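Undergrad: sequence? don't have it. structure:
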């Protein structure tokens, strides 16, 4: 299980589960560990978490409400109770939203177990409509206020987490879990998260990547870490020799100077 900061892609919390675990197992405890960790790190404002449907749990929702944490949590739209609620939505309640040229999408809302339930439905149009002529439904419960269309867009932006997952696999060693021992794999996960976060922190604090952009681990590693250079001792001074025509030399030096000027964080 992973919790990722949406703007920087840093992993805020990670937890290993046994392979046979149900998708909902441990989600409440995960939230109980995550929120205090964010507060200890200095988060003082409102926290909102976007969950996929694997976290759908009444106990987890109640814990979020107890902690005062806002949420959007995906639900299984084909579940019997939710499906009947969708079918009961009046046809005039659906609001069209932007979608691809070959399809259409609409948003509506209702109530599920006393909570706001927002539903998005999509389908193909044109020549491909014969393949999938019926509406496909996606839903989530939320305690957020405001326009359903805007909240739906906000919830869908949780897909940014996929870039962090991709970078963890391709850039930090999680393409496979190497051991048959659970504790060893947990340690492996922790080290992968440390490497992942350090790469992002160096990039942002060194002003290599604009704050509004996400770091791409493969590019960062190729340009600034996997460097063909060597350390030499010249008159008692250690010097790093790098290629003469290295295209990222100025960015590297600027980042190095910026990082060295940072004030140490008190521990």
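TA: That came in fine, so what should we check first? Since we're looking at a predicted model, the values are computed, not measured.
Undergrad: separation between residue 141 and residue 97?
TA: From residue 141 over to residue 97 the distance is 19 Å, taken as CB to CB, to the nearest Å. (C-beta placed from N, C-alpha, C; glycine too.)
Undergrad: who has more neighbours, those two?
TA: residue 141 (21 against 16; other CB atoms under 10 Å).
Undergrad: In this structure that one contacts residue 112, no?
TA: Yes - with contacts counted by CB atoms under 8 Å, residue 141 reaches residue 112, the gap being 5.9 Å.
Undergrad: what's the overlap in contacts for those two?
TA: Here residue 141 and residue 112 share the contacting residues residue 75, scored by CB atoms under 8 Å, 6 or more residues apart in numbering.
Undergrad: For the least confident helix or strand in the chain by mean pLDDT, enumerate the helices and strands it packs against.
TA: For the chain, using mean pLDDT, DSSP states H and E, the weakest element among its helices and strands is helix 217-220, scoring a mean of 79. Judged by 3 or more CB pairs under 8 Å, 6 or more residues apart in numbering; DSSP states H and E, helix 217-220 is in contact with helix 161-171, helix 182-205.
Undergrad: In CSV, list the ones you listed along with mean neighbour count.
TA: Listed next are the helices and strands packed on helix 217-220 as CSV, based on neighbours: other CB atoms under 10 Å:
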stretch, mean neighbour count
helix 161-171, 18
helix 182-205, 16
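Undergrad: Nearest to residue 227, out of those?
TA: helix 182-205 (13.5 Å; CB to CB).
Undergrad: packing partners for the closest one?
TA: Checked by 3+ CB pairs under 8 Å, 6+ apart, helix 182-205 has strand 11-14, helix 161-171, helix 217-220, helix 249-260 packed alongside it.
Undergrad: Select, out of those, the one closest to residue 119.
TA: helix 161-171 (21.9 Å).
Undergrad: hmm, who's touching the closest one?
TA: When contacts are defined by CB under 8 Å, 6+ apart, helix 161-171 is touched by residues 2, 4, 6, 9-11, 174-175, 192-193, 195-196, 199, 214-218, 220-221.
Undergrad: If we use 10 Å, what do you get?
TA: 2-6, 8-11, 14, 50, 52, 172, 174-176, 189, 192-193, 195-197, 199-200, 214-221, 225 (CB atoms under 10 Å, 6 or more residues apart in numbering).
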